[in-house]
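my questions concern the predicted model and sequence given below.
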Amino acid sequence: MDKVEAKRFKDLLTEKRDEIIAKAKQTLEEDMTLDANDLPDEMDLASSEYLQSFTFRLRGREKQFLDKIEQALGRIDDGSFGTCEECGEEIQAKRLEARPETPFCINCKEDQERKERAFG
Ligand SMILES: [Zn+2]
């Protein structure tokens, strides 16, 4: 994967991340048990400390999805993005296009799902 492509996926992932955070922030603000004054008016996304304490409050799917995105961003930085974590093959471009946060190629993902169905 060349730098231009990596940059594009990085933008894509960052966009997705910001979207989830914005939605989650809204949810938190609507949650009356939480003091909305604890949340800054403008979220400073560069403040990783704040982001960490914020994501700590997220639960379930949002949290998992956010973790996947963070990991994918990490893989872009260390240059392993686009390579399947399971078999080491390149992940299909189409698949990355649809789910840039995925660490697995379609074959490994299908294997996993088969196993989950069989044992889960
Ligand atoms: Zn694979």
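Cool, the structure landed. Numbering: from 1, shown residues only.

residues of this structure that sit close to the ion?
84, 86-87, 105, 108 (CB under 5 Å from the ion). Heads up, the C-betas are built off the backbone N, CA and C, glycines and all.

give me the subset of the residues you listed lying in helices.
Counting by DSSP state H, the part of these found in helices is Cys108.

return the member of the residues of the chain next to the ion nearest to Ala93.
Distance to Ala93, by CB to CB, is smallest for Cys105 among the residues of the chain next to the ion, at 11.2 Å.

distance of Met1 from Arg75?
Distance from Met1 to Arg75, counting by CB to CB, to the nearest Å: 10 Å.

what do those two both touch?
Common neighbours of Met1 and Arg75, counting by CB atoms under 8 Å, 6 or more residues apart in numbering, are 81-82.

if we can go back for a sec, which one of the residues of the chain next to the ion has the most neighbours?
Highest neighbour count within the residues of the chain next to the ion: Cys105, with 22 neighbours (other CB atoms under 10 Å).

which residue, other than its chain neighbours, is closest to that one?
Of all residues not flanking Cys105 in the chain, Cys84 sits nearest, at 3.9 Å (CB to CB, 6 or more residues apart in numbering).
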